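Asks: Sequence first, then the predicted structure, then my questions.
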Amino acid sequence: MDLSVLDSIGGPRVVVGVIVALVTLLVVRRLMKAGRVEGPMIQQLKCGNCGWQGSVSKHKPKCPRCGNSL
């Protein structure tokens, strides 16, 4: 491989840094998806008033954005 190509984009350290950043981003995104709360007292709802959607309690569902009863 011609090293002048690596030197033109900043060298091998830059390439390794970009690869590490991409892998870190993918891992963080996967962890964020896995962090959704589910359980017997939690339900997924969408607010008809403001459009917010997410997890709320089954006992007294209330929109955290606008305060509307769901």
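Replies: Okay, I see it.

Asks: continuing past the lengthiest helix in the chain, what's the next helix or strand?
Replies: Taking DSSP state H as the criterion, the chain has its longest helix at helix 12-34. On the C-terminal side of helix 12-34, the closest following helix or strand by DSSP states H and E is strand 42-46.

Asks: In which helix or strand does residue 56 reside?
Replies: Using DSSP H and E, residue 56 falls in strand 53-57.

Asks: Show me the shaky parts of this protein.
Replies: For the chain, the stretches with pLDDT under 70 are 1-3, 5-6, 34-38.

Asks: Domain ranges for it, per the record?
Replies: Domain ranges of the chain: 1-35, 38-70, per automatic domain parsing.

Asks: Can you say which of the ones you listed is packed in most?
Replies: Among the domains of the chain, ranked by average contacts under mean count of other CB atoms under 10 Å, first place goes to domain 38-70 (a mean of 12). In short, each C-beta sits where N, CA and C put it, glycine included.

Asks: How about residue 43, nearest residue that isn't a chain neighbour?
Replies: Counting by CB to CB, 6 or more residues apart in numbering, residue 43 lies nearest to residue 58, which is 5.1 Å off, once chain neighbours are set aside.

Asks: Over to residue 70?
Replies: Excluding its sequence neighbours, the residue lying closest to residue 70 (CB to CB, 6+ apart) is residue 61, at 3.9 Å.
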